[in-house]
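A.B. asks: Next one to model:
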Amino acid sequence: MNKMVIIYGSVLAVLAFALTWLDYRFWMRDIGLEVYGIFIAIIFAGLGIWIERQRSAPSPRAELNPITKDVLQLTPREIEMLEFLSRGKSNKEIARDLSLSPNTIKTHLANLYQKLGVKNRTQAATYFANISDNALIQSDENSQLTHMGE
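C.D. replies: Numbering: from 1, shown residues only. Predicted structure coming up:
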């Protein structure tokens, strides 16, 4: 969020400098105050759209290696539920994204909690973050060992 504020402020500063540089007092006399206001509004509307697209860009997915998937014995849907939980999605949001009933989501999550031995979504998301980090690290170490053996 702080990065967006800095970007927004920087664009505002550049715009203010550009208007000063163009000697906007003379420029405004030629084209009128309304056009000047529309020009500023278009710039900031475009900037707002760009910031929202950057903010809502999908985050990189954490992948589990096949060995971790086999050990946990999770179905693909349960792994998908873990990914949604790790992004902080609510049951309603998950249901909407997957076109399922919220009750179905609750059932999937209850099964998932039981398999992982956790009590709530926060513990499940933390568990997933830990195993996905470890799985990725192990996967990287295995690939490095394979390259060393060649």
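
A.B. asks: From now on I want contacts and neighbour counts done on CA atoms only, so please keep to that.
C.D. replies: OK.

A.B. asks: the strands in the protein, which residues?
C.D. replies: For the chain, no strands are identified by DSSP state E.

A.B. asks: ok, and the closest non-adjacent residue to A124?
C.D. replies: Nearest residue to A124 in three dimensions, chain neighbours excluded: V118, at 6.2 Å (CA to CA, 6 or more residues apart in numbering).

A.B. asks: The one you found: neighbouring residues, count only.
C.D. replies: 16 (other CA atoms under 10 Å).

A.B. asks: same thing with the one 4 residues further on?
C.D. replies: T122 is flanked by 13 other residues according to other CA under 10 Å.

A.B. asks: try F128
C.D. replies: Counted with other CA under 10 Å, residues neighbouring F128 total 20.

A.B. asks: Then I105?
C.D. replies: 20.

A.B. asks: That one: what's it in contact with?
C.D. replies: N91, I94, A95 (CA atoms under 8 Å, 6 or more residues apart in numbering).

A.B. asks: Identify, from those, the entry nearest to F44.
C.D. replies: I94 (32.5 Å; CA to CA).

A.B. asks: Model confidence score at the nearest residue to the closest one once chain neighbours are set aside, please.
C.D. replies: Sequence neighbours aside, F84 is the residue nearest to I94 in space, at 6.8 Å (criterion: CA to CA, 6+ apart). At F84, the model reports a pLDDT of 88.

A.B. asks: I'd like the distance between F84 and L109.
C.D. replies: F84 sits 11 Å away from L109, going by CA to CA, to the nearest Å.

A.B. asks: higher neighbour count, these two?
C.D. replies: Remark: of F84 and L109, L109 carries more neighbours, 21 against 17, as counted by other CA under 10 Å.
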